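Peer 1: Task: produce atomic coordinates for the following.
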Amino acid sequence: MKIQVDLELCQGHSVCLEECPEVFDVAETDEGYPKVLVLNENPAEDLREKVQKAAKFCPNHVITIIEDECL
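Peer 2: Now for the predicted structure:
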């Protein structure tokens with residue numbers, strides 16, 4: 001799986017960080033809102049459930065999980 005984040009819509013609520021700190025972090029920006037940082041764009045399969053929860057509970061729905069069909 002690969003993680004994509006729409007940084008234009010991200011407002012840095014930190015829900016993703018709470019759900020999966022192994023993959024996400026949140027940093028302050030000069031743009032008025034903190035933004036998510038993806039620490040690992042291709043997380044291991046054992047993190048799938050946590051990543052899915054991060055995407056599901058994101059208030060702005062900015063996290064997309066792309067399945068790698070080559071696996």
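
Peer 1: Poorly predicted segments of this protein, please.
Peer 2: 69-71 (pLDDT under 70).

Peer 1: try 80
Peer 2: 31, 68-71 (pLDDT under 80).

Peer 1: How are the helices of it distributed by residue range?
Peer 2: For the chain, the helices defined by DSSP state H occupy 15-19, 48-57.

Peer 1: how about the strands of this structure, start to end?
Peer 2: Using DSSP state E, the strands of the chain run over residues 2-5, 24-27, 35-38, 63-66.

Peer 1: Burial-wise, tell me which of the helices of the chain comes out on top.
Peer 2: helix 15-19 (a mean of 20; mean count of other Cβ atoms under 10 Å). Quick note: C-beta positions are derived from backbone N, CA and C, even for glycine.

Peer 1: Which residues does that helix contact?
Peer 2: Applying Cβ atoms under 8 Å, 6 or more residues apart in numbering, the external contacts of helix 15-19 come out as 23-26, 36, 50-51, 53-55, 57-59, 63.
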